[in-house]
Structures are given as C-alpha cells and as structure tokens.
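Visitor: Mind looking at a prediction? Sequence and model below.
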Amino acid sequence: MGAFVRPRLTVGIVVLTALLAAPLRAAAPRDELLRFVPPDIGFCVVLQGLRDTGAALSSSPFMEQFHQSAAGKALQDSKEVHKLLGIEEDLKKNFGIGWDDLRNDILGDAVVFAYRPGKSGEDQGLMLIRARDGKVLSDLVNRFNKQQMTDRKLKEIKELRHKGVVYFARVEEETTTYYHLRGPVLVFSGQEEMLQRALDLDRDAPPGAEPLLTTWLRELGADRALLAVYLNPRALDAEYAAKAARPGGEFLKTFLVYWKAIDGMALSLTLDRDATLAVGVRGRAEALPAPAQKLFGELAKPSDLWRQCPDNALLAICARIDFAALVGVLGDFLDPDNRQKLSQDLNRFLDSENAAKRVLPFVGPDVALWLAAPTDATHLIPEALFALRTRVVEKGDRVDEALLDRIKVFAELAKLGFNQRFPDKPLVKDTVTIDKQEVKFFRSEALPVGLRPAFALKDGFLMLAGTPDLVGRFVAPPPSSAEGPAPLLRVSFKAWRSYVEARRVGLTKMLVEKEKLTQDEAAERIDDVLAALAFVDRLDVRLQAGKGHAVVSIVVQTARPLRK
Amino acid sequence: MNCDACQEQLHQTLDGTDPADRGALDQHLAACADCRAYHDAARRMQTGLHLLRPPAPPAGLSARLVAALLEDRRRARSRARLRLVVGLAVAACVAVAVSLYLWPGRPAAPAPKGPQMVKPTPEPPKRVLDSANATPRQSMETAVEAVASLTSRTTTQTVQQTKKLIPLVEPTLPELPWEPTVPVPTVTLRAAGQGVTEGFEPVAQHARRAVGLIRRDLLSDF
C-alpha cells in the first residue's frame, strides 16, 4: 500500500527510463529463455516486457480515464483487490519482496512456460524466469527454500550435475522438482529429464543464435507481444493419427489434411497504442485442399465494398468470399449424410438443380453487411444494408435475376404471414424508381418507424436494405486489385455512443414500453450502456496473409490511448 | 390456342399433369402478355408452395424428445464455449487491471462524475490473512482465490452490461405467426461447426493438461 503514495516524479522517471531502455533490450530476455525450450514442445507460453508495458499503461491516458470511472473505482474498492494488497505483507515477511518487486525485478523481463505432451501421466513441463537482477532472484529462491525447509514441506536440497552443469533437486514428501539457476535465469521443471534436456539445448546452441521459437513467433507477428501462446501441431500428430485410425475416426482423416498443412499457431496479445489480440497460423497453403486454398486466397484480399461503407457505420462486415469454395470447405467438415443434406438444402434455397455449380460460382466474391445510425434522428432502428456482388450470365441464364426472383418468393411468404397477424395494418408491396433503378419495398404501419424493407438489383449487386433510399445511395465500387491486410469486420463504439446519446429520449421511452421499466430505471440503463461504451472507440478484425502464414487480428482501439 | 384453353392447360400443369400440347402453349405464352403474367404468377406460387412444409403427421414423441435433448446439449455446449471465451477475455482484462492497480504511483481515483457502470462494493478494506500464521502456500491460495473471484464477478458484470445494450439495438419487430419455411442450411452449418470443434478437441485436452501440469508441478511448490 505504501507504494501508492510514492511521489509521481519518481514514477515518471522510472517509467521514462523503462520506456527509453526498452528498445535497446528488445527481445533479449525472452531469447535467453527460449534457447532452453525444446522444439518438440506442444505449447509454449511467453510473457515478456511486463514491467515496461505495465509502466507505460499505468501512466497512459486510458488508465487515467479508467481510474476516474465508476468501474475503476469499483475495482479499486473491491474486496479482492484488498485481499491481494493484504497478501503483500505476507510476501514481504516470508520472502522479503512485495508485489512491485515481484513484478519489476522477478517477472518483469520474461517468463516462459513450456509443455511437452507425453503418454498419460508423463507430460513434461518447464518454467523459466529471466529476472532483472540475478541477486534478487537468487535471494528469493534461497528464502523460498529456507521457508519450505522451516515448514517441513521440503525434506532436502541436493546439488546435482549434468555434463558439468550444476542443478538442484528439491526433495519433498511425495515429489521431487528440479531447478537450475544461472545469474538472472531460473530454469525449473518437475521432470529431471526435461531439465537436463533444456540444459543440453542451451549448451549446444551457438552463442547469439536466435532460438527457433523466436523465429516462429516472429513469422506470426507475435515476437513483440506481451503474451504469446504458441502451439506446435507436430507434437500432437501421433495422437491425431491414432484417433483417426480408430473406428468412427473417418472425419478426423479429413481434418488431418488441414492439420498437417499447419506448421504452427500462435495466439498473442500486444498492447501498444491499441490492444491487439491475434491468431497466427504458419503453414503450407499448397498442402490444403483446393477449395480451402481458393477460399483463404480470396478472403485475404480486401473487399472493394469497404470503400462504400460509411465511416460512421455502427457495424460493418465486408469480405471477399468464394462461396463455391466455402461450400467445399464446409463439406470437408461434414459426414457424407450431412454433406448431401447441405447440397440439397442449398439447391432448394437457391431453386437450382445444382447450386454449387450453376449458381455459387456466379455469386460474390464481394459481400457486405453494415448498420449505420439513421440520418433522421427521430428514427430509432439503425439503417441496415446487405450487398452481394453477382456475376451475370451463365449460358444465357441470369443468375442475378434468378436470385432476385427467390427474394421475391421469400418476401411474398413473409408478407402472407405478416398480414395474417396484422390484417388492419397490412404489409404493402410497392415499387419506387431511384436513378432509373427499380426498387421493391414493403411498408406497413405495424413496422417500426423508418423501416421499409427493400430489395433490388443494382450495378451488379443484389441488395437488401432497411429502406429504398439506402439502395439509391449505394454506388457500386469499381473492381480493384488492392492487396495488403484485408479488413473483415469493424465495430465503431464511438458511433454507438453518438447513436445512443442522440436518441436518448426515444430509446428511454422504448425501454419503458419494451422492458416494462420505470422512467428512472430506463434512464439508468441508458447511462450504464453509455458508461460501458466510454472506454472503447473501435474494434477491427483483419486478415493478413503472406507466403506461408496468415494472421487474424482483433484490434481494439480504446477511447484514450494505452500509451502516452 | 386461345386464352381460356391456355389457362386450362396451366391449371392442369399446376395439378401435376403435363400439358397436352406443350408447343401450342409455349407459342401462346410468347404472344400473350396477360397469359404470360398469369403463368409467371402461377410458377412463383408453385415455387412458394414447394418451400412450404408438406403436411405430415406429427413426428414421433421419442424422435422429438431426442432432438430436443440434443438441441439442449448443443446449446449448453455453445453457452459453455461462450462463457469460456468471455471468461478468458475478461480474465485477461482483469489480470491487466489488477496488475495496474497494484502498480506504484497510480493516481488516486476521484469520485465518479459520470454515470455509474458498476456499483462499488461498500466493504471496507481489511486484512484477510493473519500474517503471523499464514504460510506462503496459504498466501498464494488466497491470491489465486481473489483473482478468480474478481474474474468471475467482472465477467458477470460485463455480460450484464452487454445484455443491457441488446434491447436498444434490437428492432421491435412484430412476431410472425408462421415458422420460417426457407430451407436455410443452418443444421448442416452447425454440424460443420461441430466438426471443427471435434477436430480441435485433442488441442483443448492438451491445453487442459498443460494447465494442470503447471498447477501441479510448477506452482504447487508455492
């Protein structure tokens, strides 16, 4: 608790020093640990730069906003945080360090956990710590051992050697664990063989050579991440093969085709100005089935429709999807019966004898769905638009018109049902011509104000929209050959805030009616929603693909930066 | 062929009988806009009728029960997966938040001016362990419990906050009295999703084993 009252100036100097020093030390502490990790591990968790990232975050505008918020105050006052603060005294008493020292001096540079799967009960684990100060680490280990000896949890500590390298066995009542301490590096394992193997790897690695795991993480853009979890698929190959060979394992044989094309996967969290959660896959695209190659190849290209998407869209999804390839990939993950059913359902849905060949190749690849705040502030329902590019001709048949006919059929069915329920306010089909373009739409007094579902074919796109005006405003983008990261999804919390604030009165009234709340309860709920939306401006999902790798990133842009 | 004969032929077609003279019918349709419109309308209606569920006796009780049970299990699994994903995401946020709250030199939190997102816990700070008797293991267990409790509570609150947003953006559309009859292949898509989940099950198993190993071999000493 005493740490909280330290002068801000001191903290500022520490933070500045840490930030300036960070680039110089870059990845070194992590690499000092990864050189011990065998390449045949199944999982490897890497936590690095906790001290520097934490220092930058704690002085960031975002944290200032969070500290001042009710949510921040509630967290600060929570009993759990008080418990954690209380434990600090025990830490200091037993080990001579507090939370700050533990985080800064022991865990602040790099921590690694590695897991190697074995037959049941023979899994192996490795924990590595690269402390800032070797003496602090050594003191902590000694105090820890001493404390456990006093508590009689530890029976004895034996000094052992492996090819001349000293390590220790901690003999307990039922188990024995092993560790090696060298300067600021601690290597710890529950299995002696694992520890010895780690020592061998360290000894045999050329000085200064980049560890294999670092290379793999870098290829997946996870080498700078605060937290990264690496999965090595090869460590699980034998288990997959055994399961696929069992009766009923036919499905896994197909799955294995995809699995074997993957050389590595990483989940990572990076905190810079924004927070980025990324899933990276390293592999050989050519080893994937043809539909998967086509699907992922197309998905990795940015959709032209992003250029038409309103900047203030509440939610936008735009992608390039090869629908025929998508059905092929889905089929790979279905049993024969379901695969046939998928084909039959598609044929019925699209009214075709063979939709996969006669319709889907002429649909897409550009497809988009977005929601935006209505231009009329009195309307509560967001404006929605769905657009699907259609290629026109296949042996004289108009695929686009055939799709529009299907929409008409579904619309008539919907109208039938609607009018049974609301005979006094029937749904009426109407047509409007906008820019020489015929747009069909429905209207009814029973629909929410501003909602007039519309559909049309426009400039090579099949469109469904919340109002005919939206179809009129849509301008088909010219095809481009843009490369680079493909944005897939965008949520603008900033736009949501504006949307809710501008319609506070209407939304409150709607909540009162819909949720049976009092006026005050409804107003409080709107306040809660606005408070929750206050921290984040935007969320983006992107796909970046290169030779031999693909990374899907979820980028969260906070309302105030995570770094100064 | 005149219009009456044409419409008679169309009725026969709708009844499932092939027209007696297909050539004459096509010829008349090509020449007569009214009959062509009538024919198109009839064709659309026929297509629509094909989409409607054919009348059938109620499905057997056992089949329905099995389907309902399977659906329940699927939904439970989906909910569990959602809880896991949300829990992990919130857990990461909580870990960062806790870490930062414990960071030296944090600014004091003034009373909130804006709307309250989470009601502060009124409980006053207090020591939870007797330092004189607490062993390192007890301290560690208490710390883990505190983080787990904080994670669980924050997850619940986050989910509650998110739920509050839903009524604001969900259009108040009238409920339709008919069930969707459009054959959208959701069942098979769900099966594909399950296939992928099953494929990754060994990965999930090993992830659980890895966590168990870390807790058992590496952290139990604390």
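Guide: Yep, that arrived. Numbers count the residues shown, from 1 in each chain, chains lettered A, B, ... in the order given.
Visitor: Now do the SS call for A:Ala228.
Guide: Counting by DSSP: H, G, I helix; E, B strand; the rest coil, the backbone at A:Ala228 sits in strand.
Visitor: what about it, how many neighbours?
Guide: Using other C-beta atoms under 10 Å in any protein chain shown, A:Ala228 has 27 neighbouring residues. Backbone N, C-alpha and C define where each C-beta goes, glycine included.
Visitor: which ones are touching it?
Guide: A:Ala228 makes contact with A:45-46, A:217, A:222, A:266-269 under the criterion C-beta atoms under 8 Å, 6 or more residues apart in numbering or on different chains.
Visitor: Also A:Arg234?
Guide: A:40, A:263.
Visitor: for it, phi and psi?
Guide: With angles defined as degrees, to the nearest 10, A:Arg234 sits at phi -60, psi -30.
Visitor: now swap in A:Phe43 and tell me
Guide: Torsion angles, degrees, to the nearest 10, at A:Phe43: phi -130, psi 150.
Visitor: Of the contacts of A:Ala228, which ones also sit close to chain B?
Guide: Applying C-beta under 8 Å from any C-beta of the partner chain to the contacts of A:Ala228, one finds that A:Leu269 fall near chain B.
Visitor: Could you tell me which of the contacts of A:Ala228 are located in strands?
Guide: A:45-46, A:266-269 (DSSP state E).
Visitor: In the stretch 251-400 of chain A, where is pLDDT below threshold?
Guide: A:392-397 (pLDDT under 70).
Visitor: That one against chain B: which residues are in contact?
Guide: Checking the stretch 251-400 of chain A against chain B by C-beta under 8 Å from any C-beta, the hits are A:251-252, A:255, A:258-259, A:269, A:271, A:314, A:330, A:333-335, A:338-339, A:341-342, A:345-346, A:348-349, A:351, A:381-382.
Visitor: Any chance of a ChimeraX selection covering the buried ones in those residues?
Guide: The following ChimeraX command selects only the buried members of these, with burial defined by 16 or more other C-beta atoms under 10 Å in any protein chain shown:
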select /A:251,252,255,258,259,269,271,314,330,333,334,338,339,341,342,345,346,348,349,351,381,382
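Visitor: Return the helix or strand in chain B with minimum mean pLDDT.
Guide: helix B:61-101 (a mean of 56; mean pLDDT, DSSP states H and E).
Visitor: Domain-wise, how is chain B divided?
Guide: Per the record, chain B has its domains at B:3-49, B:85-100+B:135-168, by automatic domain parsing.
Visitor: Which residues are in contact with the closest residue to A:Pro117 other than its chain neighbours?
Guide: Using C-beta to C-beta, 6 or more residues apart in numbering or on different chains and skipping the chain neighbours, the partner closest in space to A:Pro117 is A:Gly42 (4.5 Å). A:Gly42 makes contact with A:115-117, A:231-232, A:235-236, B:206, B:210 under the criterion C-beta under 8 Å, 6+ apart.
Visitor: ok, these vs A:Leu457, which is closest?
Guide: A:Leu231 (45.5 Å; C-beta to C-beta).
Visitor: Would you enumerate the residues in contact with the closest one?
Guide: Shown in contact with A:Leu231 (C-beta under 8 Å, 6+ apart): A:42-43, A:264-267, B:203.
Visitor: swap in A:Leu252?
Guide: With C-beta under 8 Å, 6+ apart, A:Leu252 has these contacts: A:240, A:243-244, B:198-199.
Visitor: how about 7 Å then?
Guide: A:Leu252 makes contact with A:240, A:243-244, B:199, according to C-beta atoms under 7 Å, 6 or more residues apart in numbering or on different chains.
Visitor: Break chain A into its domains for me.
Guide: A:8-251, A:285-493.
Visitor: Using JSON lines, lay out those together with distance to B:Gln27.
Guide: Formatted as JSON lines, these follow (distance: least, C-beta to C-beta, whole Å):
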{"stretch": "domain A:8-251", "distance to B:Gln27": "54"}
{"stretch": "domain A:285-493", "distance to B:Gln27": "20"}
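Visitor: Among those, which comes closest to B:Thr156?
Guide: Distance to B:Thr156, taken as C-beta to C-beta, is lowest for domain A:8-251 among the domains of chain A, at 12.9 Å.
Visitor: A:Pro361 and A:Val367, how far apart?
Guide: Noted for A:Pro361: a distance of 14 Å to A:Val367, by C-beta to C-beta, to the nearest Å.
Visitor: Have a look at those two and say which one is more surrounded.
Guide: A:Val367 (20 against 16).
Visitor: Report the backbone C-alpha coordinates of stretch A:335-342 in CSV.
Guide: The C-alpha trace of stretch A:335-342 is given here as CSV (Å, rounded to 0.1, in the frame of the first residue of the first chain):
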residue,chain,number,x,y,z
ASP,A,335,-20.1,-36.6,-42.7
PRO,A,336,-21.4,-37.9,-46.0
ASP,A,337,-25.1,-37.6,-44.9
ASN,A,338,-24.8,-34.0,-43.8
ARG,A,339,-22.7,-33.2,-46.9
GLN,A,340,-25.6,-34.4,-49.1
LYS,A,341,-28.1,-32.5,-47.0
LEU,A,342,-26.1,-29.3,-47.3
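Visitor: Many thanks, have a good one.
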